[in-house]
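In: below are the sequence and a predicted model; questions follow.
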Amino acid sequence: MKQSSLGLSNTVKRTRKREFLDAMELVVPWTELVSLIEPYAPEAGRRGQQPFAVQTLLRIHFMQQWFKLSDPAMEEALHDVPAFRDFAGLSHWDEHIPSESSILRFRHLLERHKLADQILATVNALLQAKGLQLKAGTVVDATLIAAPTSTENQSGERDPEMHQSKKGNQWYFGMKAHIGVDADSGLVHSVRGTSGNVGDVIEANSLLHGQETDAFGDAGYQGVDKRPDAKPTVRWHVAMRPGLRRALDKDKPLEALFDQLERTKASIRAKVEHPFRVLKQQFGYVKVRYRGLKKNTAQIVTLFALSNLWMARHKLMACKGQVRVQGA
């Protein structure tokens, strides 16, 4: 018996939350992800309270990322929001709701076994099977994620793994998320998390998957092809420094050609902005939640895996629709 049958959830309005969750229900590869995590999860049958199903906890974990909810806030939301309970498979009136401690333990399990990277790999394997990652070229970029600057905490100091970084004339404190995306689809295939003072160019070659022939970056990646870890099989196309580009004389044919080349490179590099937009605008992730790089990087990797599914949702849902029609 569900809550709806008891008259506890009699609304028929299709809210944006429900529309979003219905879409993600269809595109997330639940079977593959549950199979990935289950070998590490506690088994049922022991004394005391039985563990919740892996799929239930995974759905709750993903909702935390989509709606930027802490562990206590997620527990409260499960009590307050019927759509969240339905999505987690907890819509029967007599089912227990996972406590914030259960939600925390599941996150620690993912962190302990480094499963965030495997979640991204599983998602990308699905996308590649659907032909959504061509792997001909990679675009690299990085974004700053702010961290709390307050020292009003147990240690009395700011997070020692976060650092200041200057962008333009503005100083920022936090970490950097470095990503490599497919130059055609804009889907993320590589993620690195570093402190905010690490130069973009240092991580550039580690963001390549090894099968691309061309790579693209903004002016901050000047000299990337001369670094010791540069791959000889990859041609780098790095943007001209802004001052040099502004000095180009468009009336001269050769310099006009250089300017057109920069426009073409910029149109390709624009693909890398799409995952950042989903992360910060769609999922609302603008500040780190935890102390330390390891935990925050694990969350960022998971967020980019989910951003890939969100960006590819229309094609994935179309594929599912075709399968249903063929099987009808």
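Out: It's in. A quick note: this is a predicted structure, and the numbers were derived from the prediction, not measured.

In: what's the neighbour count on Arg59?
Out: Residues within reach of Arg59, counting by other CB atoms under 10 Å, total 23. All C-beta atoms are positioned from the backbone trio N, CA, C, and that covers glycine.

In: quick check: next helix or strand after the helix or strand that Ile60 is a member of?
Out: Using DSSP states H and E, Ile60 falls within helix 54-66. Remark: after helix 54-66, the chain's next helix or strand is helix 71-80, criterion DSSP H and E.

In: next structured bit after that following helix?
Out: On the C-terminal side of helix 71-80, the closest following helix or strand by DSSP H and E is helix 82-88.

In: roughly how far does the nearest residue to Glu273 once chain neighbours are set aside sit from Ala298?
Out: Setting aside the residues directly before and after it, Glu273 is nearest to Asp141 in space (CB to CB, 6 or more residues apart in numbering), at 7.6 Å. Asp141 sits 20 Å away from Ala298, going by CB to CB, to the nearest Å.

In: before we move on, what about Lys315?
Out: Lys315 sits 27 Å away from Ala298, going by CB to CB.

In: can you give me the helices for the stretch 1-150 of the chain?
Out: Assigned by DSSP state H, counting those that start in this stretch, the helices in the stretch 1-150 of the chain fall at 16-27, 30-37, 54-66, 71-80, 82-88, 100-112, 115-129.

In: per-residue pLDDT of Arg324, please?
Out: On the pLDDT scale, Arg324 is placed at 47.

In: what stretches of this structure score poorly on pLDDT?
Out: Low-confidence segments of the chain (pLDDT under 70): 1-12, 44-50, 93-94, 134, 152-153, 320-328.

In: max-length helix in it?
Out: For the chain, the helix with the greatest residue count under DSSP state H is helix 293-311.

In: return the set of buried residues in that one.
Out: Buried positions in helix 293-311, judged by neighbour count with 16 or more other CB atoms under 10 Å: 293, 295-311.

In: counting by contacts, list what that helix packs against.
Out: helix 16-27, helix 54-66, helix 100-112, helix 115-129, strand 170-182, strand 188-195, helix 273-277 (3 or more CB pairs under 8 Å, 6 or more residues apart in numbering; DSSP states H and E).

In: distance to Arg235 for these - can I get that in a markdown table?
Out: What follows is the helices and strands packed on helix 293-311, written out as a markdown table (distance: least, CB to CB, whole Å):
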| stretch | distance to Arg235 |
| --- | --- |
| helix 16-27 | 34 |
| helix 54-66 | 35 |
| helix 100-112 | 37 |
| helix 115-129 | 23 |
| strand 170-182 | 15 |
| strand 188-195 | 18 |
| helix 273-277 | 22 |
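
In: Gln222: which of the ones you listed is closest?
Out: strand 170-182 (16.2 Å; CB to CB).

In: mind listing what's buried along that closest one?
Out: 172-182.

In: could you work out the most separated pair of those?
Out: Greatest spacing in the buried residues of strand 170-182, by CB to CB: Phe173 and Asp182 (31.3 Å).

In: Gln164 should be in a strand, yeah?
Out: Yes. If the criterion is DSSP: H, G, I helix; E, B strand; the rest coil, then Gln164 is within a strand.

In: residue numbering should commence at 430 henceforth.
Out: With 430 as the first residue, the last one maps to Gln593.

In: for the spatially closest residue to it that is not a sequence neighbour, give me its contacts.
Out: Closest residue to Gln593 apart from its sequence neighbours, by CB to CB, 6+ apart: Phe602 at 5.1 Å. Residues near Phe602 by CB atoms under 8 Å, 6 or more residues apart in numbering: 575-576, 578, 587, 591-594, 625.

In: PyMOL command to pick out the buried ones of the residues you listed?
Out: Command for PyMOL that selects the buried part of those, burial taken from 16+ other CB under 10 Å:
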select buried, resi 576+587+591+592+594+625
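
In: would you list the contacts of Phe602 in JSON lines and tack on distance to Leu462?
Out: Shown next, in JSON lines, are these (distance: CB to CB, whole Å):
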{"residue": "Ala575", "distance to Leu462": "29"}
{"residue": "Ala576", "distance to Leu462": "29"}
{"residue": "Thr578", "distance to Leu462": "36"}
{"residue": "Arg587", "distance to Leu462": "35"}
{"residue": "Met591", "distance to Leu462": "30"}
{"residue": "His592", "distance to Leu462": "33"}
{"residue": "Gln593", "distance to Leu462": "37"}
{"residue": "Ser594", "distance to Leu462": "34"}
{"residue": "Gly625", "distance to Leu462": "31"}
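
In: and of the contacts of Phe602, the nearest to Val456?
Out: Of all the contacts of Phe602, Val456 sits closest to Ala575, with 29.6 Å by CB to CB.

In: any idea what the closest one is bridged to?
Out: Taking DSSP bridges as the rule, Ala575 bridges to Gly603, Lys716.

In: now do the contacts for it.
Out: Applying CB under 8 Å, 6+ apart to Ala575 gives the contacts 601-603, 715-717.

In: Phe516 is nearest to which of the helices and strands packed on helix 722-740?
Out: Of all the helices and strands packed on helix 722-740, the one in closest proximity to Phe516, counting by CB to CB, is helix 445-456 (4.7 Å).
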